[in-house]
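Q: Model the following, please.
(3 chains)
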Amino acid sequence: MAQAAQSLNPSPPLRHGHSVKRHTGLMDWITTVDHKKIAILYLWAGGLFFGIGGLEAILIRIQLIKPMNTFLDAQTFNELITMHGTTMIFLGVMPVIFALMNAVIPLQIGARDVAFPFLNSLGFWTFLFGGILLNLSWIMGGAPDAGWTAYTPLSTIQYSGTHGVDFYTIGLQIAGLGTLIGGINFLATIITMRAPGMSFMRMPMFVWASFITSAIILFAFPAITVGLVLLTFDRILGANFFETSSGGNPVLWQHIFWIFGHPEVYILILPAFGIISEVIPTFARKRLFGYSSMVFATILIAFLGFMVWAHHMFTTGLGPVANALFSVSTMLIAVPTGIKIFNWLFTMWGGQVRFTSPNLFAVGFIPTFTMGGVTGVMLASAPADFQFHDTYFVVAHFHYVIVGGLVSGLFAGLHYWWPKMFGRMLSERLGKWTFWTFIIGFHLTFFVQHFLGLMGMQRRVFTYLPNQQFDLLNLVSTIGAGLMGVGMLIFLTNIFLTSRKPADAADDPWGDGRTLEWTISSPPPEYNFKQTPLVRGLDAFWKEKTSGHTAMTPAEPVGPIHMPSATILPFLMSVGIFIAGFGFMFSRDDFGNAFMSFMFNNYLVTAIGLLITFGSMLVRSLYDDHGWHIEPEELEGR
Amino acid sequence: MATEQHSPSDGAVKHRHRQEGPQRHIVVFVLSVVLTLIAFAAVAAGGVNATFAVILLLVMAVFQVILQMGFWMHLKDKGHLLPIIFMLGGFFIAGTCIVMALYWVWWD
Amino acid sequence: MTTAHAEAAGTLPHEPEKATLEGRNKVLAFWLFLGGESVLFGTLFATFLALRNQTNEGPSANELFHLPLVAAATFLLLVSSLTSVFAIQAMHRNKPALLRNWLLITVFLGLGFLGLEIYEFSEYIRHEKFGMTTSAFSSAFYTLVGFHGAHVAFGILWISVLIGQLARKGLTVITAPKVYVSAMYWHFIDVVWVFIFTVVYLLGKVG
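A: Numbering: from 1, shown residues only, chains lettered A, B, ... in the order given. Modelled structure (predicted):
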């Protein structure tokens, strides 16, 4: 292993005898197993892909600014809508969610790290290499063009002959593996690593939301793993799962995709619910109204989330029984979601509400998300859905819940926890500018799309004829998209300017922190808690504050702290999977070059990639990681 | 069979952890074999009513799985509540997929 | 917090796989993983069930399957699940040599199962003209049973590596959770096979 970086090992000989390898610079980031650094990696990677997805959105809106526009051709438009959806969901918002989970969960439960720091790192790198693989399609023969849902038969080799959809299946497969690993890691972390006194019903709401989200990931991602395998086998090995002429069934793909896909939207929104449930009580100076009903509602949403997938498929002709069943189960989800909405409102009711930038996003979230929820209930009605299906009404609906809901929630969380992650407060003035430009731009873009859909404008079509009353509303929508882009630029400016300021954020920079992350320095030391805190109630820090204490009661004396070693193996494993994926994807190609054909057509490239991955796993298994210790003298010295 | 063989060092925990012998696992094994044999025999004999055969085979399989997961994977032991919840969760979603495959893929 | 490292020097406790936080985390997380694997196989079973009659004028399940071969494979895997229980019992009694022997027997039984499966597949491909591309049924069959076979193959490799590690490092609180988790994996493979022989082979024969 290339552990060539210099050693900064502090000199006193360690009592436990293991030497510490400390890396610097790039090597530090590639080998880190610290959840706080992995959170930052997730944030930058997610931000990069979010930017790509955002540019794709702007291009789509420019094409639709006027009727019969020739800015893009139909094929490019198809590739853009496919990559916009896929990138935003799997590579844009998911990693930002994971960034916040990584940054916050261990701190909120009073843990020194996650349960599996190594797997945490592995999850990030597989996600990143999967995302890179998918986006390489732009420069390697064309991006996927069958929509983010990749419906068969459109996505079969017959109708999508380039490698685009192969990039989709293999890229998502690899990225999905990383997500699954991350989900299992968070589940185990929350189950076993909570500080003494923190029972399940004393966990902060964000931790609860992350716990349930991780459980959904665990049960939903294997389904898409299988779906992607089937599609890959159809396209590369000539299997017949979705090939009607050989007995296959394209509707099977839709079922498998949505058995994963619908829980996936709850994977996206539940963490946002968790963030809102942290931000609103903090800035209302009141405990969350109806904590236990919030927990119950979250669990119920997760369960119902698995029971509604066929509402995406009403128009495939499932028959009246199935359509009625899935209509009712879908409408049921409005009940626990409504409980949450009212709980947030009642939390603010009578509180001393401060409209800081995180709280602006949180308060803006509530009506915006509710509008998305209401159109969701409209879409749940099967007969009405036959009219709405594949129109801009649907586009408006899911952007209201995902952008107006989730992205607002992520902005709230990023502004809220930025000082804890980076030790610097984001500018409040720029934060408020971000909020107003973003939310006004958002409603301009998507509110009008409800009407475009009701008037019959089809989604996923690259242009439209004039004089159908579409022209003005599309122009408004494009202007709104530009305004949202401006909001993003203000946010980036804010990050840039903040990064040049000194890292002087207080431990509890908002002054009203309620949970454990605000009891330690900003950013926290690599071991998080010098002494594991003793939790005496819900909102542990707030409870101490109301009892007149300024710090937590420690649950243990100061002692040596065991830390896991940095390692490059997760990175290498992910590189191996990346190479193997490439090899498999091109295994049926004719390269016109004897060596290349030999390497790819005999699966040698795939074999080399798998050898790297399994070899790294073997190394990990054979050589025990004893980790290293931070001694009490060091802790006191800091 | 001698089953109470401890290494000297774990005398302190002797009371809490009684060593279990191989007998019960052999019983589970024999039961598994019997359940498997009933299933194979019902099919090999032929002439069994198809609906009855489906129910019989599935019951045999479920029994065998409960036995093996309970005893061999220790799910019946204390401290396995969360594993049981998550395994049941997985089986429930798997069952949902199978209902989908049986009723909602093909048109009648 | 008890670490694996701190315990490694002491004597081996009764259930060494649960002696450290790392060990307990590993066992718990593996249960979670198996919950996910249940959905993975559930989706594969669903695919198979949806496509089981789509033979596209190729061989059908009833024409294809030979029960004696399936029964032999079933028996091998069932016995290997029992031997892997014995391995864990040997581990709990701190008998590394016995543990190694039971693991070796488990690996050999697994190899026998895998050999039968490879033989079965090659017979179908060579003599029955039943390949991946024959029909939707064939694709679903090979994918479901092949996924299980790949799991068996991975399990064989995994347990073999552990046998090597036990020889080098001995039975410690670091190696014990690995052995325990691999046994959980092996039992799970057997559980999946119970459903495969029931749903794919026996119900295929019933029609």
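
Q: for chain A, what helix or strand is lowest in average pLDDT?
A: Lowest by mean pLDDT, DSSP states H and E among the helices and strands of chain A is helix A:632-637, with a mean of 80.

Q: for A:L154, what are its contacts?
A: Contact analysis of A:L154 by CB atoms under 8 Å, 6 or more residues apart in numbering or on different chains lists A:A146, A:G147, A:S160. Quick note: C-beta positions are derived from backbone N, CA and C, even for glycine.

Q: Output the least confident helix or strand of chain A as PDB - backbone C-alpha positions only.
A: The C-alpha coordinates for helix A:632-637 follow below in PDB (Å, rounded to 0.1, in the frame of the first residue of the first chain):
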ATOM      1  CA  PRO A 632      -5.100  11.400  28.200                       C
ATOM      2  CA  GLU A 633      -2.000  13.700  28.300                       C
ATOM      3  CA  GLU A 634      -2.700  14.500  24.600                       C
ATOM      4  CA  LEU A 635      -6.300  15.200  25.300                       C
ATOM      5  CA  GLU A 636      -5.500  17.500  28.200                       C
ATOM      6  CA  GLY A 637      -2.800  19.200  26.200                       C
END
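
Q: Buried residues of that helix, list them for me.
A: Neighbour counts using 16 or more other CB atoms under 10 Å in any protein chain shown place A:L635 of helix A:632-637 among the buried residues.

Q: From chain C, how far out is the residue nearest the centre of chain B?
A: The centre of chain B sits closest to B:V65, judged by CA atoms, centre = their mean, with a distance of 2.2 Å. Noted for B:V65: a distance of 5 Å to chain C, by CB to the nearest CB, to the nearest Å.

Q: How about the contacts made by that residue?
A: C:V191, C:V194, C:F195.

Q: Equivalent analysis for A:M378, please.
A: Contacts of A:M378 by CB under 8 Å, 6+ apart are A:A384, A:F388, A:H397.

Q: Going through the residues you listed, which ones are buried?
A: Here, 16+ other CB under 10 Å leaves A:F388, A:H397 buried among the contacts of A:M378.

Q: In contact with the residue of chain B found nearest chain C: list those residues for me.
A: Closest to chain C within chain B is B:A94: 2.2 Å, counting by CB to the nearest CB. Contacts for B:A94 (CB under 8 Å, 6+ apart) come out as C:S38, C:V39, C:F41, C:G42, C:T43, C:F45, C:A46.

Q: Report all helices and strands that the helix or strand encompassing A:T213 contacts.
A: If you go by DSSP states H and E, A:T213 is part of helix A:205-232. When contacts are defined as 3 or more CB pairs under 8 Å, 6 or more residues apart in numbering or on different chains; DSSP states H and E, helix A:205-232 packs onto helix A:94-108, helix A:164-192, helix A:250-284, helix A:291-305, helix B:81-103, helix C:21-51, helix C:136-169.

Q: CSV for those, including distance to A:H629 and mean pLDDT?
A: Converted to CSV, the helices and strands packed on helix A:205-232 look like this (distance: least, CB to CB, whole Å; pLDDT from 0 to 100):
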stretch, distance to A:H629, mean pLDDT
helix A:94-108, 19, 97
helix A:164-192, 21, 97
helix A:250-284, 33, 97
helix A:291-305, 37, 97
helix B:81-103, 30, 96
helix C:21-51, 15, 97
helix C:136-169, 21, 97
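
Q: Run the chain-centre distance for stretch A:218-237.
A: Its chain's average C-alpha position is 20 Å from that of stretch A:218-237, according to CA atoms, centre = their mean, to the nearest Å.

Q: before we move on, the earlier item: among the helices and strands packed on helix A:205-232, pick out the one with the most neighbours on average.
A: Of all the helices and strands packed on helix A:205-232, helix A:94-108 carries the top mean neighbour count, a mean of 28, counting by mean count of other CB atoms under 10 Å in any protein chain shown.

Q: what inclination does that one have with respect to helix A:250-284?
A: 40 degrees (axes from the mean of the first three to the mean of the last three CA atoms, to 10 degrees).

Q: contacting residues for A:N359?
A: A:V279, A:I280, A:T282, A:F283, A:V353, A:A412.
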